[in-house]
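>>> Give the three-dimensional model of this entry:
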Amino acid sequence: MMKISSILKSFFLISLLAVFTLQTNAQSSAKSQRDAQISKSIGHGALIGGLSGLVFGRGFGGVVGGAMIGAGIGAVAGAVNGSSDNPQLQSEVDFLIDKYGESNMLGYVDLMECKHDEAITHFIEQEFSNNKDYKVASLWMKAITEKDRGNTERCNELYQLIANNDSRFETPQDAEIQVIELYIGLMADRESYEIVCGE
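Numbering: from 1, shown residues only. Prediction:
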């Protein structure tokens, strides 16, 4: 009787271990799939996503990203100019133009393609907009552009300007931290677009 009881206990413990192992493997597999999806989607919008948090205090959820993830930078540029043959991509880019301004989006494309002077020209154009969000976005984008081309002196001026105009950032160092995060987004976007500056 004791032997049967011992066998039953062993069987029960083995069964519990098997269930736990299967559950752990399933959770690990689900996590791997989520990580792969995040990795796949991190570009083509990482910079825009980070910028939305600074300008609007929130992201855009699923409104932007689907078509941009699959599109090349040339297709995005076409959509910014209103000439995309992809309705979903055109819809996403039109949404971004409404949020950030056309000149900022033109500057975004130039920045992606490492055309710093052209990008700065577009961002400066947006400074004269009556839309406050467009102006704020252009300020951040100018700072990212100057960081990308290694203009430390101009970056420091822009960090101070951001701190002076945005109460959320008390010091230029606070603004610099945010610009560094946005710059990382820029690098992720370029990698997903397979763009390497200097080539």
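>>> same for the strand or helix carrying Gly185, what does it pack against?
Using DSSP states H and E, Gly185 maps to helix 172-193. Judged by 3 or more C-beta pairs under 8 Å, 6 or more residues apart in numbering; DSSP states H and E, helix 172-193 is in contact with helix 46-56, helix 102-112, helix 132-148, helix 152-165. (C-beta placed from N, C-alpha, C; glycine too.)
>>> Quick check: chain neighbours aside, which residue is closest to Leu161?
Closest residue in space to Leu161, ignoring its immediate chain neighbours: Leu139 at 6.6 Å, by C-beta to C-beta, 6 or more residues apart in numbering.
>>> how much space between the one you found and Phe123?
According to C-beta to C-beta, to the nearest Å, Leu139 stands 8 Å off from Phe123.
>>> Tell me which of the two has more neighbours.
Taking other C-beta atoms under 10 Å, Leu139 and Phe123 do not tie; Phe123 has more neighbours (28 against 20).
>>> my guess is that one meets Gly107, correct?
Yes - here Phe123 reaches Gly107: they are 4.7 Å apart, a contact under C-beta atoms under 8 Å.
>>> who touches both of those two?
Ser138, Met141, Thr145 (C-beta atoms under 8 Å, 6 or more residues apart in numbering).
>>> And the most centrally placed residue in the chain, how close does it get to Ala163?
Centroid-nearest residue in the chain, with C-alpha atoms, centre = their mean: Ala46, separated by 1.2 Å. As judged by C-beta to C-beta, Ala46 and Ala163 stand 24 Å apart.
>>> same thing with Asp98?
Using C-beta to C-beta, Asp98 is found at 28 Å from Ala163.
>>> cool, Glu191 as well?
For Glu191, the distance to Ala163 (C-beta to C-beta) stands at 30 Å.
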